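Participant: Pasting a predicted model and its sequence here:
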Amino acid sequence: MSATILTVEAAKAANIDVVTNGRYTQAVHETIVAYRAGRRSGTASVKTKGTVNGSGSKPWKQKGTGRARAGYRSSPVWSGGGVVFGPHPRDYSKKISKQTRRVALRKALSVRIIAGDVTIVENFAVAQPKTKEFIKLIGTLSTERKTLVIAKNFDTNTLLASRNVPKTELITSADVNTEHLLGFKKIVLTNDALVEIAERINK
């Protein structure tokens, strides 16, 4: 299988305007933060003094015992009482515009192309759904264990063969995002995937 490093000139020929300066760094930051915030479950929850299960009666009389005044057993100062300013279920997701996501994707891809981390191939597939075949194939394209493979689509054999290979991920060009492009040491990209990514960036 022939493989070549995707250069800036080749990327421009594929209709990808490579960003060679410091522009759009903020867009990348905002996009990554939004992706990670969207994965937060936001289900952490504590009980306040009003929701702790227990009697509302006064523990002892107000005066004459020599002890501090106490009005209720669910007080936050007591063991087993409510929690003050604790977490409650919330939505952590952040909204970013489509334009910001496109700009961030373009910037992330540009950074990896300039660094020489993107390898372009005609296609990516194995003949049999065997892990050793996948490892042999990926070994001819990348020397890094943490490798991202992007194609327009993958056949069943390739998907099955890749399941037991750690730190290597297969993703389609329609689903790849900025976080994917920045999270792996090497990227293997097929020609048809490059075309689709260019369409997404220039939409």
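Facilitator: Cool, the structure landed. Residues are numbered from 1 along each chain as shown.
Participant: looking at this, residue 101 is in a helix?
Facilitator: Yes - counting by DSSP: H, G, I helix; E, B strand; the rest coil, residue 101 is located in a helix.
Participant: Give me the secondary structure label for the nearest residue to it once chain neighbours are set aside.
Facilitator: Distances taken as CB to CB, 6 or more residues apart in numbering put residue 31 closest to residue 101, at 5.7 Å, once the chain neighbours are dropped. Quick note: C-beta positions are derived from backbone N, CA and C, even for glycine. Per three-state DSSP, the local secondary structure of residue 31 is helix.
Participant: Contact partners for residue 31?
Facilitator: By CB atoms under 8 Å, 6 or more residues apart in numbering, the contact list for residue 31 reads 96, 100, 101, 104, 105, 177, 178, 179.
Participant: so the last one touches residue 32, yeah?
Facilitator: Right, residue 179. Yes - Residue 179 is within contact range of residue 32, at 5.6 Å (criterion: CB atoms under 8 Å).
Participant: follow-up on the earlier one: out of the contacts of residue 31, who's nearest residue 142?
Facilitator: Lowest distance from residue 142 to those (CB to CB) belongs to residue 179, with 19.2 Å.
Participant: contacting residues for residue 104?
Facilitator: Going by CB under 8 Å, 6+ apart, residue 104 touches 24, 27, 28, 30, 31, 32, 178.
Participant: pLDDT for those - can I get that in TSV?
Facilitator: Shown next, in TSV, are these (pLDDT from 0 to 100):
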residue	pLDDT
24	94
27	96
28	97
30	97
31	97
32	97
178	97
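Participant: So of those residues, which two are at opposite extremes in space?
Facilitator: 24 and 32 (12.4 Å).
Participant: First-to-last residue distance for stretch 7-24?
Facilitator: Stretch 7-24 has its terminal residues 20 Å apart, counting by CA to CA, to the nearest Å.
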